[in-house]
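> quick check, what structure comes out for this input:
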Amino acid sequence: MSIDIGSRLRRFLASAPQAVWPIQTIQISHPAMSRAFYLWREPYAGQVTTEDGSVVTMQPCNIETKLAGSQGHLDQKFDIRLGLIEAAEQDQFQAEMDRVPLATTEKVRVVYREYLSDNLSEPQAVAVLQAESITYMLGAAGISAVSPRLNVTRTGELYVPREIPMLRGFL
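Numbering: from 1, shown residues only. Now for the predicted structure:
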């Protein structure tokens, strides 16, 4: 009886759990809010380093992020579902969102970062988004977010060097 060690080893390695996995994080902020929310999909609180070098503490949250629409569309839209774990967190989140004035032109800023589980000192991917709509459900929130739109015909916003510093070279 012959035993094929090579094929048994390949089957074991193919079915073994991954040693490194992606960790998704969400940062939600607005100037009218008293604090920013730092959330991740892990079941415990932990610290990560953002792209500017600051260390922030992430709170556990059930996060589901998906692309809403086709990948070929220039205006990418993302649907983000947050399942806040504790009732106190739900109340704090809704109270902070209520602080944002309805008539403000400044959108809620949503920063999506993705880290690898073995290296929380630098994000592997960063997407800065702005919230178009935020909905509340019992124990959850839904955020529809897009990349910032700077097209004057689409949003009515003007190109200004403060927002896009490289405009100075073209003017």
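> where do the helices sit along the chain?
For the chain, the helices defined by DSSP state H occupy 5-15, 87-98, 152-155.
> got a list of what the nearest residue to residue 99 once chain neighbours are set aside touches?
Nearest residue to residue 99 in three dimensions, chain neighbours excluded: residue 32, at 5.0 Å (Cβ to Cβ, 6 or more residues apart in numbering). From N, CA and C alone the C-beta is placed, and that goes for glycine too. With Cβ atoms under 8 Å, 6 or more residues apart in numbering as the criterion, the residues that contact residue 32 are 99, 100, 101, 104.
> which one of those residues is nearest to residue 78?
residue 100 (19.2 Å; Cβ to Cβ).
> follow-up on the earlier one: mean pLDDT lowest for which of the helices of the chain?
Lowest mean pLDDT within those: helix 152-155, a mean of 54.
> got the phi/psi numbers for residue 107?
In terms of degrees, to the nearest 10, the main-chain angles of residue 107 are phi -80, psi 160.
> can you tell me how far it is from residue 118?
34 Å (Cβ to Cβ, to the nearest Å).
> on that earlier part again, check what pLDDT the residue nearest to residue 99 gets.
Note for residue 32: predicted pLDDT of 91.
> against residue 60, how distant is it?
For residue 32 relative to residue 60 (Cβ to Cβ), the value is 25 Å.
> just the CA trace of stretch 107-121, in CSV.
Only the C-alpha atoms of stretch 107-121 are listed here, as CSV (Å, rounded to 0.1, in the frame of the first residue of the first chain):
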residue,chain,number,x,y,z
LYS,A,107,-21.3,66.0,4.5
VAL,A,108,-20.6,63.3,7.2
ARG,A,109,-17.2,61.9,6.4
VAL,A,110,-16.8,58.2,6.2
VAL,A,111,-13.3,56.7,5.9
TYR,A,112,-13.0,53.0,5.0
ARG,A,113,-9.6,51.4,5.9
GLU,A,114,-8.5,47.9,5.4
TYR,A,115,-5.6,46.3,7.4
LEU,A,116,-4.0,42.9,7.4
SER,A,117,-4.4,41.1,10.7
ASP,A,118,-0.6,40.8,11.1
ASN,A,119,0.1,44.5,10.5
LEU,A,120,-2.2,47.1,12.1
SER,A,121,0.5,49.8,11.8
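> what count of nearby residues applies to the nearest residue to residue 142 once chain neighbours are set aside?
Distance criterion Cβ to Cβ, 6+ apart; nearest residue to residue 142, sequence neighbours excluded, is residue 135 at 4.4 Å. The local packing of residue 135 (other Cβ atoms under 10 Å) involves 10 other residues.
> ok, residue 135 touching residue 141?
Yes. Using Cβ atoms under 8 Å, residue 135 is in contact with residue 141, at 6.9 Å.
> please consider this matter closed, and thank you.
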